[in-house]
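Q: Got a predicted structure here, sequence first:
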Amino acid sequence: MIEEFERDPHDQEERDSLCLKYWRAEKKIRDKRLSEVSDTVRLRRAKEAIQEVLNEAKIIARKKLSLSVICQMNSLLDVMLRGHNIQVENVKSSVVLKNQQGASLGQTLAVGYAFLTTLFRRAGHEFPFIVDAPVTALDGRVRNEIAAILPEVCPQFIGFVLDTERQDFVEKLDRVSNGNVQYLTAYEDSVKNEKLLATIPDSGVERTTNGVVVDGKDYFNTVRFPADSREVV
C-alpha cells in the first residue's frame, strides 16, 4: 500500500489512484486553472465597473451640456424675442419650447438662430454660416438683434438676401462688422431684368451666358428686384 502512495505516476491514472505524485501534479494544474479563471472574472468585473462609470459620466455630461445649451439659448431669446415669452425647455432630436406646442414662423426662425449661434460659440472649429433669405419672417427689431449677434458667433456669414430684407438687417450687419462686408448683387440676364441691366456700373461686373454679378455696396442698396430674383451679401 505504501509503495502505491510513493510510486511515480503512470501516463493514464484512474480517478481512484492512490499515487500522491499524480495528485500533487493534478493539484498544481487545477490551482493554475483556478487562478486563470479567477483573474478573468476579476478583469471582467473590473471592466464592467469601468463601463458603468463611463456610461454614468456620459449621461451626466449630456445633461450638463444640454442644460448649458438651453441656458445660452434662452439668454439669446430674451434679447431677440423680448416680450414674446419664448423659452426653450429641452433640446433632444428637436428643440422643445416651454409651455407651448409651437411658435410663429418668425419665432421659430429666431429659435433656430439662437440654437445655431449657441453651437457656433461652443464649437472648436470655424465654419461659414450660410443662410438663404435669413430674416424674411422677422420684424425689424429682431432683424437688428440677429445682425448684432452674427459677427460674434461665426467667422463668416453668407446670406442670400432679398431686397426686402435690407432694412434693419443689412444696415445693422454692416455697422457691427465695421464695414467688413462684401456686397454682391446677382440676378438672371433676361428680359424681365432689362431695367436692372440698364443700370449696371462700368466696373465690378461679371457676366455669363445667363447671369450677372455686380460687386459693390451702392448698386446693391439701390436695386429693386422683380419676383423670384435674389441678392447676395
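A: That came through, no problem.
Q: how much distance is there from the lengthiest helix in the chain to the middle of the chain?
A: Identified as the longest helix of the chain according to DSSP state H is helix 20-80. Chain-centre distance of helix 20-80: 28 Å, with Cα atoms, centre = their mean, to the nearest Å.
Q: what packs against it?
A: In terms of contacts (3 or more Cβ pairs under 8 Å, 6 or more residues apart in numbering; DSSP states H and E), helix 20-80 is packed against helix 2-6, strand 88-91, helix 105-122, helix 140-153. Where you see a C-beta, it was placed from the backbone N, CA and C, and this is true even at glycine.
Q: try 10 Å this time
A: Applying 3 or more Cβ pairs under 10 Å, 6 or more residues apart in numbering; DSSP states H and E, we find helix 20-80 packed against helix 2-6, strand 88-91, strand 95-97, helix 105-122, helix 140-153.
Q: Out of these, which is closest to residue 23?
A: The minimum distance between residue 23 and the helices and strands packed on helix 20-80 falls on helix 2-6, with 10.0 Å, by Cβ to Cβ.
Q: can you tell me the average pLDDT over the closest one?
A: The predicted model assigns helix 2-6 a mean pLDDT of 68.
Q: count of neighbours near residue 35?
A: Look at residue 35: counted by other Cβ atoms under 10 Å, it has 10 neighbours.
Q: Now do it against residue 44, distance only.
A: Note on residue 35: its distance to residue 44, by Cβ to Cβ, to the nearest Å, is 15 Å.
Q: Check residue 185 too.
A: Note on residue 185: its distance to residue 44, by Cβ to Cβ, is 68 Å.
Q: what about the two, which has more around it?
A: For residue 185 versus residue 44, neighbours defined as other Cβ under 10 Å are more numerous around residue 185 (27 against 10).
Q: CA atoms of the helix or strand hosting that one as CSV?
A: Residue 185 belongs to strand 184-188 when elements are defined using DSSP states H and E. Taking only C-alpha atoms (Å, rounded to 0.1, in the frame of the first residue of the first chain), the coordinates of strand 184-188 have been written out as CSV:
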residue,chain,number,x,y,z
LEU,A,184,-22.7,91.1,-54.5
THR,A,185,-25.9,91.6,-56.5
ALA,A,186,-26.8,88.6,-58.6
TYR,A,187,-29.6,88.1,-61.0
GLU,A,188,-30.6,86.4,-64.2
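Q: Give me the contacts around the following helix or strand past it.
A: Moving toward the C-terminus from strand 184-188, the first helix or strand encountered (DSSP H and E) is helix 194-197. Contacting residues not belonging to helix 194-197 are listed as 185, 187-191, 207, 212, 214, 219, 223-226, 229 [Cβ atoms under 10 Å, 6 or more residues apart in numbering].
Q: Emit the PyMOL select command for whichever of the residues you listed are buried.
A: Listed next is the PyMOL selection for buried residues among the contacts of helix 194-197, using 16 or more other Cβ atoms under 10 Å:
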select buried, resi 185+187+188+212+214+219+223+225+229
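Q: tell me which of the contacts of helix 194-197 is nearest to residue 165?
A: residue 225 (11.2 Å).
Q: so is the closest one in a helix, a strand, or just coil?
A: For residue 225, the secondary structure call by DSSP: H, G, I helix; E, B strand; the rest coil comes out as coil.
Q: Does it touch residue 193 like I think?
A: Yes - taking Cβ atoms under 10 Å as the definition, residue 225 is a contact partner of residue 193 at 8.1 Å.
Q: what touches both of these two?
A: Shared between the contact lists of residue 225 and residue 193 (criterion: Cβ under 10 Å, 6+ apart) are residues residue 187.
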